[in-house]
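Student: One predicted model, sequence on top.
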Amino acid sequence: MAHFAKIENNIIVQVVVVNNDIATDEQAGITFLQNLYNDTATWKQTSYNTYQNTHKLSGTAFRGNYANIGYIWDADNNIFLPSKPFTSWTKHTSSATWRSPLGNAPDLTEEQVSQNNANSHAWIYNWNESAYQSDNSTGWDLIDVKTV
């Protein structure tokens, strides 16, 4: 089955499945959908198996991510992206993701991992945009989601 995303103002508003017998290639699928819905909407094919520019089944990644409603269509880079999570984050086109200005969250300590594994805590790092805007050397907050 072929999956197609309907795009309005660079936002995904609908995702549909078209039989491969109809969508023999991307343009055939687009023509079918435009005729079905009697419009000239912008449609792009998307891969159900692509996530963060990696194909889950070791195939070729296609357009960054599987398109979901609310995702962004980046025509310049020919990729689908989730919504930008925070003002300070930047687009990372090679992985079709957003990155914090401080990079990845810090690693949990061995003790925190042990507590998580024992199910006594649930330590995670959570991005705090307000903290980052106040002091751009901070932003990752360590929280125990079991106590929140």
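Tutor: It's in. Note that the structure is a prediction, hence the values are computed from the model and not measured.
Student: switch to C-alpha atoms for all contacts and neighbour counts from now on
Tutor: OK.
Student: ranges for the helices of this structure?
Tutor: Using DSSP state H, the helices of the chain run over 26-37, 110-117, 129-134.
Student: Compare the ones you listed and give me the one nearest Phe80.
Tutor: Among the helices of the chain, the nearest to Phe80 by C-alpha to C-alpha is helix 26-37 (15.9 Å).
Student: Need the residues that contact that closest one.
Tutor: Contact with helix 26-37 is made by 2, 4, 18, 22-23, 40-41, 43-45, as judged by C-alpha atoms under 8 Å, 6 or more residues apart in numbering.
Student: quick revisit: give me whichever of the helices of the chain is most buried.
Tutor: Compared across the helices of the chain, helix 26-37 shows the largest average neighbour count, a mean of 16 (mean count of other C-alpha atoms under 10 Å).
Student: can you give me the mean pLDDT across that helix?
Tutor: What helix 26-37 shows for mean pLDDT is 97.
Student: Using CSV, write out every CA atom in that helix.
Tutor: C-alpha atoms of helix 26-37 as CSV (Å, rounded to 0.1, in the frame of the first residue of the first chain):
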residue,chain,number,x,y,z
GLU,A,26,3.8,8.8,-7.0
GLN,A,27,2.2,10.8,-9.8
ALA,A,28,-0.4,8.2,-10.4
GLY,A,29,-1.3,8.2,-6.7
ILE,A,30,-1.5,12.0,-6.7
THR,A,31,-3.7,12.1,-9.8
PHE,A,32,-6.0,9.5,-8.3
LEU,A,33,-6.4,11.5,-5.0
GLN,A,34,-7.0,14.8,-6.8
ASN,A,35,-9.7,13.2,-8.9
LEU,A,36,-11.2,11.4,-5.9
TYR,A,37,-11.4,14.6,-3.8
